[in-house]
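Trainee: requesting a structural model of the entry that follows:
(one chain, ligands or ions: 3)
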Amino acid sequence: MPNAAAPATEAPDRTGPLHVAIIMDGNGRWAAARGLPRAEGHRRGVDALRRVVRAAHELGVRYLTIFSFSSENWSRPATEIGDLFGLLRRFIRNDLATLHRDGVRVRVIGEREGLEPDICALLNEAEELTRGNTKLNLVVAFNYGSRQEIANAAQRLAREVAEGKRDPASIDADALGRYLDAPDIPDPDLIIRTSGEQRLSNFLMWQAAYSELVFVPIHWPDFDKPALESAIAEYARRERRFGGLAAKTGS
Ligand code: IPE
Ligand code: IPE
Ligand code: MG
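Mentor: Residues are numbered from 1 along each chain as shown. Ligands and ions are numbered 1, 2, ... in the order given. As a prediction, the model looks like this:
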């Protein structure tokens, strides 16, 4: 990863996405197509993740959010859940030092409650060690579900109202947004889903209000820098209007 100092502010003419979020899907189908166990697809998915973290930084992305385990993935067989958790453990143990050396700041969103203590300890260690890094923010959505995240925020607001600390009239989108898991991180500009599926599957539903969605037919283990570049090129061809008028016809 190049060592160039990160700019303090973004160039106003930035055309590339500041924040890319990825639904890393298709590991199982990648493996099935090769007669391999699903676990092998997940293992190769971690290799793809390493490539893509590097590529994202090289392409000027400042925030990369990855969906690595959803709150609904608990419905998979226990052996597969064990494989996925094992890979997360190994990824943090093996890659944390390299990520830190490369200036990557790791953040984790999702529910920590109910996770095994050693997993929580690893997630905390990754966040603590890399807290001061500024090159790329790697946001790991683990045991994450958007509905739960929004419900948790609503619960915190409701508690403040019940305790007499908040006027219900003060509850607006900004107030709720401040109680999401990573309120300081800008909304994703681009959300990529691999494997051809075209849905959000409970990923960043609040934050995706104005994200550009790009669905890529390749399975996650095959995703690489050219695939990321081509998704970013597709993003650059889109016209983001945020409810306003097109730049050409507006004003
Ligand atoms: C993505 O691949 C990894 C996780 C959801 C954890 P899948 O395991 O969903 O692969 P497919 O969709 O079955 O091919
Ligand atoms: C979404 O993929 C979750 C992750 C990539 C971690 P899934 O494979 O779980 O989603 P569905 O079940 O196809 O919607
Ligand atoms: Mg899937």
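Trainee: and Asp172, how many neighbours?
Mentor: By the criterion of other C-beta atoms under 10 Å, Asp172 has 8 neighbours. For every residue, glycine as well, the C-beta is placed using N, CA and C.
Trainee: and it, what does it touch?
Mentor: Going by C-beta atoms under 8 Å, 6 or more residues apart in numbering, Asp172 touches no other residue.
Trainee: quick one, phi/psi of it?
Mentor: Reported as degrees, to the nearest 10, the phi and psi values for Asp172 are phi -130, psi -170.
Trainee: how close does it get to ligand 2?
Mentor: Separation of Asp172 from ligand 2 (C-beta to the nearest ligand atom, to the nearest Å): 30 Å.
Trainee: do the same with Cys120
Mentor: Distance, Cys120 to ligand 2, using C-beta to the nearest ligand atom: 19 Å.
Trainee: can you verify my assumption that that residue contacts Arg112?
Mentor: Yes: assessed by C-beta atoms under 8 Å, Cys120 is found in contact with Arg112 at 5.5 Å.
Trainee: give me phi/psi at the nearest residue to Ile171 once chain neighbours are set aside?
Mentor: Once flanking residues are discounted, Ile171 sits nearest to Leu157: 5.5 Å by C-beta to C-beta, 6 or more residues apart in numbering. Main-chain torsions, Leu157, degrees, to the nearest 10: phi -70, psi -40.
Trainee: and Leu157, how far from Ala169?
Mentor: Leu157 sits 12 Å away from Ala169, going by C-beta to C-beta, to the nearest Å.
Trainee: next, count neighbours for Pro226.
Mentor: 9.
Trainee: buried residues in the helix or strand harbouring it, which are they?
Mentor: Following DSSP states H and E, one finds Pro226 within helix 225-237. If you call a residue buried by 16 or more other C-beta atoms under 10 Å, then helix 225-237 has these buried ones: Ala227, Leu228, Ala231, Ile232, Tyr235.
Trainee: now do stretch 178-185
Mentor: Buried-residue list, stretch 178-185, by 16+ other C-beta under 10 Å: Tyr179, Leu180, Asp181, Ala182, Ile185.
Trainee: what do you get for stretch 139-147?
Mentor: Using 16+ other C-beta under 10 Å as the test for burial, stretch 139-147 gives Val139, Val140, Ala141, Phe142, Asn143, Tyr144, Gly145, Ser146.
Trainee: endpoint to endpoint, stretch 198-208 covers what distance?
Mentor: End-to-end distance for stretch 198-208, by C-alpha to C-alpha, to the nearest Å: 14 Å.
Trainee: hmm, that stretch in reach of ligand 2?
Mentor: Yes: Stretch 198-208 reaches ligand 2 (C-beta under 6 Å from any ligand atom) through Arg199, Ser201.
Trainee: likewise stretch 19-38?
Mentor: Yes: taking C-beta under 6 Å from any ligand atom as the criterion, stretch 19-38 and ligand 2 are in contact, through Ile23, Met24, Asp25.
Trainee: now do stretch 185-192
Mentor: No: counting by C-beta under 6 Å from any ligand atom, ligand 2 is not contacted by stretch 185-192; separation bottoms out at 11.2 Å.
Trainee: repeat that for stretch 42-54.
Mentor: No: residues of stretch 42-54 contacting ligand 2 under C-beta under 6 Å from any ligand atom: none, with a closest distance of 9.3 Å.
Trainee: quick one: average confidence on that stretch?
Mentor: Mean per-residue pLDDT for stretch 42-54: 98.
Trainee: what residues does that stretch touch?
Mentor: Residues from elsewhere that reach stretch 42-54 (C-beta under 8 Å, 6+ apart): 1, 22, 24, 27-28, 30-31, 64, 66, 80, 83-84, 87, 90-91, 95, 99, 102, 104, 136, 138, 220-225, 228.
Trainee: next, the residue nearest the centre of the chain: phi, psi?
Mentor: What sits nearest the mean C-alpha location of the chain, by C-alpha atoms, centre = their mean, is Thr65, with 2.0 Å. For Thr65, the backbone dihedrals (degrees, to the nearest 10) come out as phi -100, psi 130.
Trainee: right, I'll call it a day here.
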